[in-house]
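Student: Please find the sequence and the predicted model below.
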Amino acid sequence: MPRHFVVTADGGSRGNPGPAAFGAVIYENDKILKEIGTFIGVASNNVAEYEGLIAGLKGVNEIDPAATILVKMDSKLVVEQMSGRWKVKHPNMQKLAKQAFAAHDPKLVSYQWIPREENSHADSILNDVLDSQI
């Protein structure tokens, strides 16, 4: 029986673009297995959101490359683009989407949009990282 993980991810910048970071949390059976937060320099909110997604997917892939993943994010753009419902038009976003698809088998990943309030853990990680950088 394959393992199943939930990834929450968030990205943000102070200014758009501006100093940017992401936060990602990996859960298995409602237990936090890993928290990831990284400063990525000057970037847009959307770039930071994608970077958080990629980090979360890579984190699960390192644990179990055959696992299924439910990604929950408050970025409608990323959720809709990665679900295939919206086109990825911007060249920078296309590169990031390719990286996300390469991070874990896309057939094993599903996406769900969640309200910002339900993504507070990943959001607090990214804000702690930003606070420590600027």
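Tutor: Perfect, I can see it now.
Student: and Leu130, helix, strand or coil?
Tutor: Under the three-state scheme (DSSP: H, G, I helix; E, B strand; the rest coil), Leu130 adopts helix.
Student: Can you verify my assumption that it contacts Gly12?
Tutor: Yes: with contact defined as CB atoms under 8 Å, Leu130 counts as touching Gly12 (7.2 Å). Yep, even glycine has a C-beta here, placed from its N, CA and C like the rest.
Student: Can you give me the buried ones in the strand or helix carrying Glu62?
Tutor: Taking DSSP states H and E as the criterion, Glu62 maps to helix 45-63. If you call a residue buried by 16 or more other CB atoms under 10 Å, then helix 45-63 has these buried ones: 45-61.
Student: Excluding covalently adjacent residues, which one is nearest to the residue nearest the centre of the chain?
Tutor: Centroid check for the chain by CA atoms, centre = their mean gives Leu53 as the closest residue, at 2.0 Å. The spatial neighbour of Leu53 that comes closest, neighbours along the chain excluded (CB to CB, 6 or more residues apart in numbering), is Ala9 at 4.9 Å.
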